[in-house]
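>>> Pasting the sequence and the predicted model now:
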Amino acid sequence: MRYLPAGLYYSLIWFLSSRPLALNISGFDKTAHIVEYFILGFLLAYALNICRADYKNKLLLFLGTTGLLSAADEIHQYFVPGRSCDFLDFTADVLGALSGFLIRIYLSKIITMSKTVDR
């Protein structure tokens, strides 16, 4: 059940990338990739139940998963009119996902610390 939010969100990314671009503002494209994959990265870190204590063990799994999802999305966009397959978009996707991963770890640490203080 923990994977449902990430799966639904990736479905939304896939749906949106199946459509021609409505706007083409310089610089907005990479920002959009970072933001959308930041959210996906956060949701995947939640799905994998990643916390500060075990993040090193799950980092490769996380990076592999987000790398494959991003690559699949970029290859998919190659076949969509008005879209393109771009290595810089792939890079922005992975960096955004990694940022979401790191924020999830940080928040996990804060929550754990606050629970310890409350006791």
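Everything's here; your move.
>>> buried sites along the helix or strand where Phe101 lies?
If you go by DSSP states H and E, Phe101 is part of helix 87-118. Neighbour counts over helix 87-118 (16 or more other Cβ atoms under 10 Å) mark 89-90, 92-101, 104-105, 108 as buried. C-beta: built from backbone N, CA, C; applies to glycine.
>>> and Gln77, helix, strand or coil?
Of the three states, Gln77 takes helix according to DSSP: H, G, I helix; E, B strand; the rest coil.
>>> The helix holding Phe101 - contacts with which helices or strands?
Secondary structure elements in contact with helix 87-118, counted by 3 or more Cβ pairs under 8 Å, 6 or more residues apart in numbering; DSSP states H and E, are helix 28-47, helix 55-78.
>>> For the buried residues of helix 87-118, point out the one with the lowest pLDDT.
The lowest pLDDT within these belongs to Ser108, with 82.
>>> Quick check, that residue in contact with Ile50.
Yes: using Cβ atoms under 8 Å, Ser108 makes contact with Ile50 at a distance of 7.4 Å.
>>> re the thing from before, right, so the helices and strands packed on helix 87-118: which one is the most enclosed?
Comparing the helices and strands packed on helix 87-118 by mean neighbour count (mean count of other Cβ atoms under 10 Å), helix 28-47 comes out on top with a mean of 21.
>>> Not counting the host helix or strand of Leu12 itself, show me its contacts.
Leu12 belongs to helix 4-17 when assigned by DSSP H and E. With Cβ atoms under 8 Å, 6 or more residues apart in numbering as the test, helix 4-17 has contacts from 36-37, 39-40, 43-44, 46-47, 69, 73, 76-77, 80, 83.
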